[in-house]
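Q: quick one, structure for this:
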Amino acid sequence: MKRDFLHITDFTPAEILETLELATEVKAKLKAGGDYTPFKGRSMAMIFTKPSARTRISFETGFYRLGGHAVYLGPSDIEIGKREAIKDIARVISRYNDIIMARLFDHDHILELAEYADVPVINALTDYNHPCQIMADILTIQEHRGHLEDLKVVYIGDGNNIVNSWLRLARQIPFHFVCACPEKYMPDIATVKAAQEAGLSRIDIRHDPAAAAKDADVIYTDVWASMGQKHEKKEIMRHFQGFQVNEAIMAAAAQNALFLHCLPAERGLEVTDAVIEGKGSVVFDEAENRMHVQNALMVKIMGVERPV
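A: All right, here's what the predicted structure looks like:
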């Protein structure tokens, strides 16, 4: 039976930890220049309706370095849900490729793509969630803190797909998650409720960033105006006054708190240059770990051999 990775809750807690361990092994193998090519003779279709340099580079480079070949299909190549039925696209691409990675706007589109594809499908981002990013975040936190369990993670900014993904993770691993956001930019209410009702993690939604940041082990932010929202920027800027992660916010956090950002960052808006370049910033480790954790996810769901 094929496995997809569309939400972080598609994996059990044990599978999440196993994948992180596998990512560490694959990362070490690549760093050491070892011979590990489990994707030799295999191809991956990369479907993008929402452009991203980091997502393309990390998936394409990672798949290539493990012996495979990736095919990039941009917005003009496949107009998901417009030029051709998604269920037809899914079945045709499955005949040519061994795995599909898709970065889309509409979450329903990736659900339909996975339903009809005969090969594994990985969600590389939708407007609803971003599970690959959260896996990279956990790996980065583990590398610097040794664990995620029982840490206080504070996200400051738009209650977007990153927040929804952290809320889903809170149903799998116990930690304290706080989202400090403007009232107009709340995360998905059903996702908040599901995380709270799971009873595994403490979940707080607040509107005061300074108070939320107190004693945080991790401070996280993202751009205020994501792709597709740039035309709303003036309105967004008005609502996000006071939500910048700056030196004062980091000073309120725990000593040696980590700073994460999924990038790209708009320095001077959601985060200051001093914070992103500061001693607690691990954003470039986090960016690198996207490739390693995605490699591990593909190794796992494709059922190929682990590194030895």
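
Q: please enumerate the helices of the stretch 51-200 of the chain.
A: All helices of the stretch 51-200 of the chain, identified by DSSP state H, counting those that start in this stretch, fall at 53-65, 86-96, 107-116, 131-145, 161-169, 189-198.

Q: so for residue 31, which of those sits nearest?
A: Nearest to residue 31, of all these, is helix 53-65, at 11.1 Å by CB to CB. Quick note: C-beta positions are derived from backbone N, CA and C, even for glycine.

Q: what helices and strands are in contact with that closest one?
A: Contacts defined by 3 or more CB pairs under 8 Å, 6 or more residues apart in numbering; DSSP states H and E place helix 53-65 against strand 43-48, strand 69-73, helix 283-302.

Q: ok, 6 Å please
A: The contact analysis (3 or more CB pairs under 6 Å, 6 or more residues apart in numbering; DSSP states H and E) places helix 53-65 against helix 283-302.

Q: quick one, the helix it packs on and strand 43-48 angle?
A: Orientation check (axes from the mean of the first three to the mean of the last three CA atoms, to 10 degrees): helix 283-302 against strand 43-48 gives 130 degrees.

Q: for residue 74, phi and psi?
A: phi -80, psi -180 (degrees, to the nearest 10).

Q: please compute how far stretch 18-31 lies from its chain's middle.
A: 17 Å (CA atoms, centre = their mean, to the nearest Å).

Q: returning to that earlier point: out of the helices of the stretch 51-200 of the chain, which is the most enclosed?
A: Ranked by mean neighbour count under mean count of other CB atoms under 10 Å, those are led by helix 161-169, which reaches a mean of 26.

Q: quick one: contacts of that helix?
A: For helix 161-169, the external contacting residues (CB atoms under 6 Å, 6 or more residues apart in numbering) are 7-9, 128-131, 134, 155, 177, 179, 187-188, 191, 195, 222.

Q: quick one: residue 143 from residue 107, how far?
A: 30 Å (CB to CB, to the nearest Å).

Q: the bottom helix or strand of this structure by mean pLDDT?
A: Within the chain, no helix or strand scores below helix 233-239, which has a mean of 85 by mean pLDDT, DSSP states H and E.

Q: after it, which helix or strand is next?
A: Downstream of helix 233-239, the first helix or strand assigned by DSSP states H and E is helix 247-252.

Q: so for this structure, the centremost residue is which one?
A: residue 133 (1.7 Å; CA atoms, centre = their mean).

Q: contact partners for that residue?
A: residue 262.

Q: on that earlier part again, and the least confident helix or strand of the chain, which residues are buried?
A: Judged by neighbour count (16 or more other CB atoms under 10 Å), helix 233-239 contains these buried residues: 236, 239.

Q: please identify which pair of the contacts of helix 161-169 lies farthest apart.
A: Based on CB to CB, the longest span within those runs between 9 and 222 and measures 20.5 Å.

Q: just give me the neighbour total for residue 277.
A: Neighbours of residue 277 under the rule other CB atoms under 10 Å: 12.

Q: ok, residue 232 to residue 185 distance?
A: 11 Å.

Q: looking at those two, which one has more neighbours?
A: residue 185 (18 against 12).

Q: I'd guessed the more buried one sits against residue 156; true?
A: No. Counting by CB atoms under 6 Å, residue 185 sits too far from residue 156 to count as a contact (11.2 Å).

Q: where are the low-confidence patches of the protein?
A: When residues are selected by pLDDT under 70, those of the chain lie in 226-231.

Q: returning to that earlier point: of residue 9 and residue 222, which one has the most company?
A: residue 222 (24 against 18).

Q: the more buried one against residue 155, yeah?
A: No. Checked against CB under 6 Å, the pair residue 222 and residue 155 is beyond contact range at 7.9 Å.

Q: contact partners for the residue nearest to residue 289 when sequence neighbours are not counted?
A: In space, residue 289 comes closest to residue 136 once its chain neighbours are excluded; the distance is 4.3 Å by CB to CB, 6 or more residues apart in numbering. Contact analysis of residue 136 by CB under 6 Å, 6+ apart lists 286, 289-290, 293.
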